[in-house]
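K.L.:
Provided below are the primary sequence and the corresponding predicted coordinates.
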Amino acid sequence: MSTTGIVRDWHDDEGWGVIDAEQTPGGCWAHFSAVAIEGYRKFSPGQSVELEWEAADQDGFAFRAMRVWPSGSPPIDVNRQGPPGIYSSRLTLHFDDEFGDTSENGR
């Protein structure tokens with residue numbers, strides 16, 4: 001189900017917020033992963049948004065957003081674009097021994 005709502009609260013540091021809509025009395029909980037925009041996923045209190053929601057028991061709210069995007073714009077599902085693993089990263093650490101020998105034999 002989709003509807004238009006107004007952002008009540010958005011916590012950038014925690015990645016979630018609450019959206020008020022007539023169809024979701026008491027507010028609809030929204031996680032940043034449901035935000036269908038490019039770039040940093042956040043909203044501002046008072047901002048008009050479109051949302052697809054479901055009935056759920058989520059952190060004290062009876063509704064949970066499945067997808068949210070700014071009103072007047074199409075949703076951009078960045079999680080569904082590109083090849084699998086698009087958000088993966090790798091970290092490789094190499095340690096020198098106390099004598100500066102970095103070869104396989106020096107370890």
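P.N.:
Structure received.
K.L.:
residue ranges for the strands of this protein, please.
P.N.:
2-11, 16-21, 24-31, 48-58, 61-70 (DSSP state E).
K.L.:
Figure out which of the ones you listed is closest to R90.
P.N.:
strand 24-31 (25.9 Å; C-beta to C-beta). To be clear about C-beta, it is placed using only N, CA and C from the backbone, and glycine gets the same treatment.
K.L.:
Which other helices and strands does the closest one contact?
P.N.:
Packing partners of strand 24-31 (3 or more C-beta pairs under 8 Å, 6 or more residues apart in numbering; DSSP states H and E): strand 2-11, strand 16-21, strand 48-58, strand 61-70.
K.L.:
tell me the average confidence for that strand?
P.N.:
What strand 24-31 shows for mean pLDDT is 95.
K.L.:
Give me the contact list for it.
P.N.:
Contact partners of strand 24-31, identified using C-beta atoms under 8 Å, 6 or more residues apart in numbering, comprise 3, 5, 8, 15-21, 51, 53, 56, 58-59, 61-65, 68.
K.L.:
buried ones in that strand?
P.N.:
Within strand 24-31, the residues that qualify as buried are 24, 27-31, counting by 16 or more other C-beta atoms under 10 Å.
K.L.:
same thing with stretch 59-68?
P.N.:
61, 63-68.
K.L.:
Quick check: which ranges of the chain have low pLDDT?
P.N.:
Along the chain, segments meeting pLDDT under 70 span 1, 78-89, 98-107.
K.L.:
repeat that with 90
P.N.:
By pLDDT under 90, the low-scoring segments of the chain are 1-2, 38-42, 58, 77-107.
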